[in-house]
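1. Here you go, sequence then predicted model.
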Amino acid sequence: MKSQPYNCILVAGSVAYDEIMNFPSQFLDYFLPDKLHQINVSFVVDRLEKQLGGTATNISYNLKLVTKKPVILLGAVGKDGDAFIKFCRAHRIDVRNVICDKRLYTATGKVITDKRDNQIWGFYYGASIRGKDISLGQYRNKKCILVISATHEKAFLNFQRQAIQLHIPYLYDPGMSLSWIKPRDLKTGVSHCRWLVGNDYEIARIIQLLKTTVAALAEEGIAMITTLGDRGVQYRDAKHFFTVPSYSIKKTIDPTGAGDAWRAGFLAGIVDEKPLPECLRQANAIASFAVEHYGTLNHHPSQKELARRIKAIKL
């Protein structure tokens with residue numbers, strides 16, 4: 001029997017409560033172009049939901065929907081974090097490395113989404129800082145693959161540094177970390193990653209911070225993945241450049257967490273040794289389920305439903 005290249009998936013990122021609000025209009029109508037230097041704006045929302053979330057939680061949950069490989073969450077919760085531990089155990093997510101801080105509160109994200117799916121986030125890192133104390137040493141030479149997603153600065157850089165030192169292959173997903181990361185740290189993370197992923201805005205920001213181009217990074221051997229929402233996903237490396245369309249859904253309920261679902265679908269395909277185009281199709285398919293539900297952990301597609309959507313995405 002052919003051996004698998006990866007035995008498990010390590011998911012480093014935030015574990016956070018999400019407060020998700022819907023704004024029935026569009027943000028654009030409430031900003032005055034000549035007053036952007038002194039913004040004082042209030043948005044009256046018509047819906048509020050409080051959910052479990054965070055990049056690591058979301059990615060881990062979606063991974064367990066599509067692969068049987070062990071999923072190991074690397075993150076931290078606070079004194080109010082029992083719900084996360086119970087949730088993860090119920091969904092067979094390994095939490096042996098999750099730190100429970102008895103002083104700080106669990107990280108919390110608050111987001112307002114307008115009718116055009118634009119989002120404004122506020123984020124409290126809280127206990128996520130304790131990710132700086134998590135060691136990856138036990139996973140050296142264990143044939144694990146790692147995803148490094150947005151979390152507290154010290155935790156994010158801790159995972160990045162160890163992954164490089166221990167030669168653990170990783171998918172680099174800086175996301176919200178782009179608001180604070182120094183160009184030199186970003187360059188280090190990008191230059192050592194197996195895959196770089198972000199939406200079109202995030203990839204543009206990375207290119208800006210590194211003062212380079214997408215083509216130049218691809219020539220350096222970096223596999224770049226740009227998620228494009230309902231326009232699908234663009235993949236580029238030194239040898240390939242193509243786009244995989246999205247699965248067309250009737251209505252987007254909530255885009256929050258779709259990117260995390262996408263990352264999970266892609267990595268699940270990688271660890272299950274699927275061809276690259278199939279990994280991308282699977283990622284697009286699982287993300288399509290996420291946006292049909294409010295919150296990031298409330299979709300439960302069957303394998304049959306997932307397979308149907310994957311098949312419907314034509315290359």
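-> Looks like it arrived, so ask away.
2. ok, the one residue sitting closest to the centre of the chain - contacts?
-> The C-alpha lying nearest the average C-alpha coordinate of the chain belongs to D260 (C-alpha atoms, centre = their mean; 3.4 Å). D260 makes contacts with 55, 58-59, 62, 149, 290, 296, as judged by C-beta atoms under 8 Å, 6 or more residues apart in numbering. C-betas here are computed from N, CA, C, even on glycine.
3. Please list all residues in contact with F27.
-> By C-beta under 8 Å, 6+ apart, F27 lies in contact with 43, 114, 118, 120.
4. now swap in I20 and tell me
-> Residues in contact with I20 (C-beta under 8 Å, 6+ apart) are 48-51, 111, 113, 254, 256, 294-295.
5. Just among those residues, which is most surrounded?
-> The most neighbours of any of these, using other C-beta atoms under 10 Å, belong to T256, which has 25 neighbours.
6. I'd assumed T113 was in contact with that one.
-> Yes. Distance between T256 and T113: 6.9 Å, which falls inside the contact criterion (C-beta atoms under 8 Å).
7. and for those two, which residues touch both?
-> Common contacts of T256 and T113, defined by C-beta under 8 Å, 6+ apart, comprise 20, 119.
8. who's in contact with the nearest residue to G53 once chain neighbours are set aside?
-> Distance criterion C-beta to C-beta, 6 or more residues apart in numbering; nearest residue to G53, sequence neighbours excluded, is D18 at 3.5 Å. Going by C-beta under 8 Å, 6+ apart, D18 touches 49-54, 108-111, 256, 295-296.
9. Which ChimeraX command selects the buried ones in the contacts of F27?
-> In ChimeraX syntax, the buried subset of those is picked out as below (16 or more other C-beta atoms under 10 Å):
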select :114
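10. on that earlier part again, which members of the contacts of I20 are the farthest-apart pair?
-> Spatial extent of these (C-beta to C-beta) is set by the pair K50 and T113 at 14.7 Å.
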